[in-house]
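**Q** sequence? don't have it. structure:
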Ligand SMILES: Nc1nc2c(ncn2[C@@H]2O[C@H](COP(=O)(O)OP(=O)(O)OP(=O)(O)O)[C@@H](O)[C@H]2O)c(=O)[nH]1
Ligand SMILES: [Mg+2]
């Protein structure tokens with residue numbers, strides 16, 4: 001970066017975002033420092049970007065395009081690559097004319113079609129076709145995922161969500177004791193949802209899923225194309241909202257994440273706030289931080305993915321959540337209740353099965369929905385200890 005220019009504006013200029021004076025100032029600065037690219041930390045309309053490019057004679061990139069570029073370099077799985085490409089194409093479509101401005105001069109007289117225009121239409125069609133192909137492929141991936149999900153139906157599902165760089169992958173890595181989980185000190189290290197089975201102690205396991213990080217002013221194309229990926233989060237019975245406790249703007253980050261969760265229709269999902277990187281908080285800030293969080297979110301957890309034992313409170317909370325949401329029951333079935341037995345095996349997690357005379361005694365972990373169904377059907381069922 002060679003320079004920075006800021007302006008506080010109530011309403012951006014519809015044509016050029018910045019006012020005329022600021023555009024002139026920008027043009028002069030560009031000439032002085034020899035900048036070759038202008039990056040705007042906001043989303044520009046296609047026309048605004050084009051007008052600024054023309055006025056300054058310099059390539060313009062807005063916040064959305066920059067984030068899309070970063071995503072493109074991070075995408076590793078075929079699915080993530082498709083999602084990023086889709087978002088990029090959808091971003092490009094209304095901006096196509098910009099690329100053909102150099103052909104404007106070749107345009108003929110009034111009412112004639114210039115070569116630029118024809119090319120533009122061809123490009124538009126090609127892009128629209130490609131968008132359709134990608135959407136179809138993503139649907140296939142989504143179906144395959146759905147099958148996988150069905151197979152893991154009975155397990156307790158938890159998803160890590162949060163602002164980029166909060167430490168979601170680090171938590172998954174530490175909990176799963178899996179060094180292959182990718183962690184890096186950069187934005188959007190994770191694009192693909194990754195699920196690991198985690199032993200949380202006391203004989204309980206959970207399926208923990210890591211998800212793509214959120215960011216302020218996330219381009220809406222990206223939110224749309226990552227909706228499928230975030231379907232994993234939608235499946236979760238518990239969301240762990242991870243924040244970086246050492247980041248000065250953590251409260252703002254938390255609000256952004258809450259907004260995106262609401263956009264995804266997940267605002268009512270059981271959620272725990274997990275304040276990570278507690279090891280980075282200076283001692284003199286610790287008390288103030290704890291008090292602030294306790295006032296905002298009384299049941300928040302405080303953890304460190306880097307310290308030994310730094311995730312114990314989270315493990316304990318996961319055990320407690322399973323106990324609350326997934327009780328283990330003992331079911332007594334008579335010989336004629338084979339259908340119930342089949343249901344327990346299909347929708348529950350059978351832990352033990354013994355015969356008691358002509359009856360069957362089954363110890364099974366079930367969710368509230370199945371418990372309700374069994375109760376209604378008058379099945380002999382008792383909550384087991386543990
Ligand atoms: N000191 C300290 N650093 C941490 C902790 N947790 C994560 N980090 C560091 O924070 C950075 C980001 O960690 P990630 O786990 O990649 O963060 P993320 O939330 O998965 O980020 P995205 O995938 O970009 O959304 C890495 O450099 C980690 O080593 C922690 O508890 N303490
Ligand atoms: Mg990550």
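**A** That came through, no problem. As the structure is a prediction and not an experimental result, all values here were calculated from the model. Ligands and ions are numbered 1, 2, ... in the order given.

**Q** Distance of residue 15 relative to residue 27?
**A** 15 Å (Cβ to Cβ, to the nearest Å). No exception for glycine: its C-beta is placed from N, CA and C like everyone else's.

**Q** where's residue 158, which helix or strand?
**A** Here residue 158, judged by DSSP states H and E, is contained in strand 157-162.

**Q** And residue 350, by the same measure?
**A** Going by DSSP H and E, residue 350 is in strand 349-356.

**Q** Name every strand pairing with that strand and say which way it goes.
**A** Note on strand 349-356: by DSSP bridges, its sheet partners are strand 359-365 (antiparallel).

**Q** And the average pLDDT for the partner strand is what?
**A** For strand 359-365, mean pLDDT is 92.

**Q** Quick one: list the elements packing against the helix or strand following it.
**A** Downstream of strand 359-365, the next assigned helix or strand under DSSP H and E is helix 368-376. Where contact means 3 or more Cβ pairs under 8 Å, 6 or more residues apart in numbering; DSSP states H and E, helix 368-376 is packed against helix 338-347, strand 380-383.

**Q** These into CSV, with extra columns for mean pLDDT, mean neighbour count and distance to residue 265?
**A** Below are the helices and strands packed on helix 368-376 laid out as CSV (pLDDT from 0 to 100; neighbours: other Cβ atoms under 10 Å; distance: least, Cβ to Cβ, whole Å):
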stretch, mean pLDDT, mean neighbour count, distance to residue 265
helix 338-347, 90, 15, 24
strand 380-383, 88, 13, 32
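
**Q** Which one, of these, ends up nearest to ligand 1?
**A** Of all the helices and strands packed on helix 368-376, helix 338-347 sits nearest to ligand 1, with 32.5 Å by Cβ to the nearest ligand atom.

**Q** Mind giving me the packing neighbours of the closest one?
**A** strand 328-333, strand 359-365, helix 368-376.

**Q** Is it possible to get TSV of those that adds distance to residue 261 and mean neighbour count?
**A** Putting the helices and strands packed on helix 338-347 into TSV (distance: least, Cβ to Cβ, whole Å; neighbours: other Cβ atoms under 10 Å) gives the following:
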stretch	distance to residue 261	mean neighbour count
strand 328-333	30	19
strand 359-365	27	19
helix 368-376	22	14
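
**Q** could I get those as JSON lines with distance to residue 344?
**A** What follows is those, written out as JSON lines (distance: least, Cβ to Cβ, whole Å):
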{"stretch": "strand 328-333", "distance to residue 344": "7"}
{"stretch": "strand 359-365", "distance to residue 344": "5"}
{"stretch": "helix 368-376", "distance to residue 344": "8"}
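
**Q** Out of those, flag the one nearest ligand 1.
**A** Using Cβ to the nearest ligand atom, the helices and strands packed on helix 338-347 put strand 359-365 closest to ligand 1, at 29.5 Å.

**Q** what about that closest one, distance to the chain center?
**A** A distance of 39 Å separates the centroid of the chain from that of strand 359-365, by Cα atoms, centre = their mean, to the nearest Å.

**Q** if we look at it, which residues are touching it?
**A** 154, 322, 326-335, 337, 341, 344, 348-355, 384 (Cβ atoms under 8 Å, 6 or more residues apart in numbering).

**Q** Could you rerun that using 6 Å?
**A** Strand 359-365 has contacts (Cβ atoms under 6 Å, 6 or more residues apart in numbering) with 326, 328, 330-334, 344, 348-354, 384.

**Q** Present the helices and strands packed on helix 368-376 as CSV; the columns should include distance to ligand 1.
**A** Below are the helices and strands packed on helix 368-376 laid out as CSV (distance: least, Cβ to the nearest ligand atom, whole Å):
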stretch, distance to ligand 1
helix 338-347, 32
strand 380-383, 36
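
**Q** List the buried residues of the strand holding residue 350.
**A** 349-350 (16 or more other Cβ atoms under 10 Å).

**Q** Next, the angle from that strand to helix 338-347.
**A** 150 degrees (axes from the mean of the first three to the mean of the last three Cα atoms, to 10 degrees).

**Q** near ligand 1, anything from the helix or strand where residue 255 lies?
**A** According to DSSP H and E, residue 255 maps onto helix 250-263. No: figure legend: helix 250-263 not in contact with ligand 1 (Cβ under 6 Å from any ligand atom); closest approach 10.6 Å.

**Q** ok and that helix relative to strand 157-162, angle-wise?
**A** Angular relation of helix 250-263 and strand 157-162 on a 0 to 180 degree scale: 130 degrees, by the same axes, to 10 degrees.

**Q** Who are the packing partners of helix 250-263?
**A** Contacts defined by 3 or more Cβ pairs under 6 Å, 6 or more residues apart in numbering; DSSP states H and E place helix 250-263 against strand 238-244.
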